[in-house]
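*Asks:* Any chance you can model this:
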Amino acid sequence: MLFALILCPTAYIASTEYYTAYWNYLSVEQYRAAASRAFIVGTIFCICYLGGLFFHKLASRVAPQQPFDTSSVAAPPRFKQLQAEQQRHSYMFVQHRIVYWAALFSALLVWVIFFSGGYEKVAQYGLNINQLDYRLIGANDTNRAVTALIQITRRLVLPFAIVYFIVLNWYSRTYSRWLLPFLIFSLVISVIMTLERGPLMLVIVMLFYAEFIRSRSLTRLFLICLTLFCAIIMLGGAMTFIQYNIQDFDLGDITFTGWDFISNRAVMAPNFVPIELSYGLFDFSSEKLLLRFSRLTGLITGNYVGTLQHNSIYVGPVGAIADIWRNLGIFGVISIGFLLGLYFSHLDRAVKTLDPAARAAATFTVISLVFYFYYGTFFSQGVFLQIFALLAIVRIFRRDDARIQHDQMWKISHNQGRVLS
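*Replies:* As a prediction, the model looks like this:
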C-alpha cells in the first residue's frame, strides 16, 4: 500500500501535464524528467526491498517453536492464555515495570519542558503576530537537545507505553486508572508545544489503532475507520489554522481545509516535494550529497543544519527514498532497499513472538516508523532511533518468551519423569 502511494501519484505526474513549482523552480521539461526519475528510482527501491523480504523468508524457513499466537498482529489477543502465563511467570512483571518507569519519566520530562518555556508558542496564539512568523516560532533549532528529547518522548516512548498499557489493561488491572489518562494527556501536551499536524495525526491514529485491534465486528471496524477519517479531517483542518495564528474560521473552513490536508498534503505533496527538492536537483550523473548536510550526527558533531538556514533545502522532508537518492545515489537505493527488506521481515517475524501487549505496542511503533519514512527523511536522528529501538524491544521482550518456553519444556519433562517413576 505504501509503495502504491509512492509510485502511483509519481506515475500520474510523469505521464500527464501536471506541474507545480512550490519549493524549487523547474521548467516543465525538467519537472517531467524529475518525475520520471522519481518513478524509476522508486521502482528500483521497491524491487530491492521485496528482494530483501524474500531472501529473509528463504533464509529463515524453519520457524522456532513459539509460546504465543503467531497470527496477524491485528488478530484478537488470546487474553485467557496470556493471563494464565502472567500468573505462572511473575518475572514478566519486570517488563511492565520497565515500560512503566520509562513512560512516567518521559511524561514528567514533557511537563518540565512545557513549564520551562514550552508553553510560549501556544500562549502567543491570538496575539498580533504575522502568520508565517508564528508558524516558525521554535523553528530556529536553538535548543537542539530539548528538541531531541521531545522527539524521543512523543515519537517512541509515550506512544509505545500508551498502546502497551491499553492492551495490558484489557486483561490485567496492574496499574492505577490515572496512569493512561496522564500519559495520553502528556503526549497531547508534547504536540501542543509545537502545534504540528504530523504528531497530532499520530496521536489520533494511535488511539483508533488500539480500538481497532480489539474489535471483531466488521461493522464496528468500518465505523472505527470512518470515525478516524472524519477526525483527521476536522482536527487536521483546525490545526492548520491554529499553527498559522488564524482565529477567524468556522466549521466549513475546517472541513474544506481538512479535506485539502488529506488529499493534497497527505497524498500528493509527499510526491511533489521529492520531485522538486531531490530528483529535480540530482540526476543520475550528478554528484550526491554523501550525508554532507545530514542531521544524523548533528548533536554530536555540532554541524546541524537549522530549519531557517540557506542549505536547509538539502535536509527537507522528501521521504526516505528521495533522501537516500540525494545522499547516496543509486547504490544507496539498491543496498538500503535490500537491507530494509531484511529488517522489516525480521521485525515481522520477531514481533509475532511477543505477548499481545508488547506485540501491539511494537507494531504501532513500526507504523510510526513507516509514517516518518513517507513524510520525513531517512538520514535523521529520530528515524535511526526508532530503527534501533525496535530491534532492542523485540530482543528484550523475546528473552522472557524464551524463558517461558524453557519453563514449559522443563515442566513437561518434569511431569514425564514423575509419570515414569
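
*Asks:* from here on, contacts and neighbour counts on C-alpha atoms
*Replies:* Noted.

*Asks:* Let me see the ranges of the helices in the stretch 151-300 of the chain.
*Replies:* 158-171, 179-192, 197-212, 218-242, 251-260, 269-274, 298-301 (DSSP state H, counting those that start in this stretch).

*Asks:* dump the residue contacts of residue 231.
*Replies:* Shown in contact with residue 231 (C-alpha atoms under 8 Å, 6 or more residues apart in numbering): residue 204.

*Asks:* just for this protein, where's the confidence low?
*Replies:* 1-5, 17, 19-25, 61-93, 138-144, 173-174, 297-304, 306-308, 399-421 (pLDDT under 70).

*Asks:* on that earlier part again, of the helices of the stretch 151-300 of the chain, which is nearest residue 123?
*Replies:* helix 179-192 (10.3 Å; C-alpha to C-alpha).

*Asks:* by contact count, what packs against the closest one?
*Replies:* Contacts defined by 3 or more C-alpha pairs under 8 Å, 6 or more residues apart in numbering; DSSP states H and E place helix 179-192 against helix 93-113, helix 158-171, helix 197-212.

*Asks:* element containing residue 379?
*Replies:* If you go by DSSP states H and E, residue 379 is not part of any helix or strand.

*Asks:* Which phi and psi values does it adopt?
*Replies:* Note on residue 379: backbone dihedrals following degrees, to the nearest 10 are phi -90, psi 70.

*Asks:* Surely it is in contact with residue 295?
*Replies:* Yes: counting by C-alpha atoms under 8 Å, residue 295 is a contact partner of residue 379 at 7.0 Å.

*Asks:* Enumerate residues external to stretch 247-257 that contact any of its residues.
*Replies:* 126, 233-234, 236-238, 240-241.

*Asks:* Please list only the buried members of those residues.
*Replies:* 233-234, 236-238, 240-241 (16 or more other C-alpha atoms under 10 Å).

*Asks:* What is the nearest of these to residue 361?
*Replies:* Distance to residue 361, by C-alpha to C-alpha, is smallest for residue 236 among the buried ones among the contacts of stretch 247-257, at 24.2 Å.

*Asks:* Once you drop chain neighbours, what's closest to that closest one?
*Replies:* residue 258 (5.3 Å; C-alpha to C-alpha, 6 or more residues apart in numbering).

*Asks:* And for the one you found, the neighbour number?
*Replies:* 24 (other C-alpha atoms under 10 Å).

*Asks:* give the contact list for it.
*Replies:* With C-alpha under 8 Å, 6+ apart, residue 258 has these contacts: 232-238.

*Asks:* how about a cut-off of 10 Å?
*Replies:* Residue 258 is in contact with 230-240, 252, 264-265, counting by C-alpha atoms under 10 Å, 6 or more residues apart in numbering.

*Asks:* Show me the helices in the stretch 1-150 of the chain, by range?
*Replies:* For the stretch 1-150 of the chain, the helices defined by DSSP H, counting those that start in this stretch cover 2-15, 28-59, 79-88, 93-113, 120-123, 131-135, 144-152.

*Asks:* Could you count how many residues lie near residue 214?
*Replies:* Per other C-alpha under 10 Å, the neighbour tally for residue 214 reads 15.

*Asks:* Give me the phi and psi for it.
*Replies:* phi -90, psi -20.

*Asks:* need the contacts of stretch 247-257 in TSV with distance to residue 167, can you?
*Replies:* Shown next, in TSV, are those (distance: C-alpha to C-alpha, whole Å):
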residue	distance to residue 167
126	39
233	27
234	27
236	27
237	30
238	30
240	32
241	34
